[in-house]
Structures are given as structure tokens and as C-alpha cells.
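Chemist: Below are the sequence and a predicted model for it; my questions follow.
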Amino acid sequence: MCHLIFSKEVYDALPDKPTDEELDMLDLAYELTDTSRLGCQTVMSKELDGIEVRVPSTINDARA
């Protein structure tokens, strides 16, 4: 899973809001926060250049 944790300011600046499908996938993530998104579903723009994100310290990897 490509779970990323954004600061509140960056999360609010993202161009799209999460879809129901993305939220369903995030329900399976460890360390879920109010500003969690799937990196693979996040549209980057020039305005977001240089942002910093956190990744959870624990992952849920189906391959394990």
C-alpha cells in the first residue's frame, strides 16, 4: 500500500478529495490519520513541489 500522511495544510491543498474506493483501501492501513492518502491516488502539481510527507512506521504488506 502507498499510504502517505500529509500535514493538514498540504492535505487541504491537494487538488482532489479521496474517493470512496480510496477511503475503503485506507481503512486497511496502519496508523491511519485524518490526513492520510494513498500516494498512488494523489495528483501532484507544481504548487506541491517540495512538500514533505510521512510514511507509517508499520506497513501491512500482503506479500508477507
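Modeler: Noted; the coordinates are in hand.
Chemist: Contact partners for the residue nearest the centre of the chain?
Modeler: Taking Cα atoms, centre = their mean, the centroid of the chain lies closest to Arg37, which sits 2.0 Å from it. Contact partners of Arg37, counting by Cβ atoms under 8 Å, 6 or more residues apart in numbering, are His3, Leu4, Phe6, Tyr11, Leu14, Pro18, Glu22, Leu26. (Glycine included, C-beta is placed from N, CA and C.)
Chemist: Next one: the first one from Glu52, what distance?
Modeler: Think His3. Remark: distance between His3 and Glu52 (Cβ to Cβ, to the nearest Å) = 15 Å.
Chemist: For those two, indicate the residue with more neighbours.
Modeler: Using other Cβ atoms under 10 Å, the more surrounded residue of His3 and Glu52 is His3, with 24 against 7.
Chemist: secondary structure class for the residue nearest to the more buried one when sequence neighbours are not counted?
Modeler: Closest residue in space to His3, ignoring its immediate chain neighbours: Ala29 at 4.4 Å, by Cβ to Cβ, 6 or more residues apart in numbering. Per DSSP: H, G, I helix; E, B strand; the rest coil, the secondary structure class of Ala29 is coil.
Chemist: Surely Ala29 is in contact with Leu23?
Modeler: No - Ala29 is not in contact with Leu23 according to Cβ atoms under 8 Å; the separation is 10.4 Å.
Chemist: can I assume Leu4 sits in a helix?
Modeler: No - inclusion of Leu4 in a helix is not indicated when three-state DSSP is applied; the result is strand.
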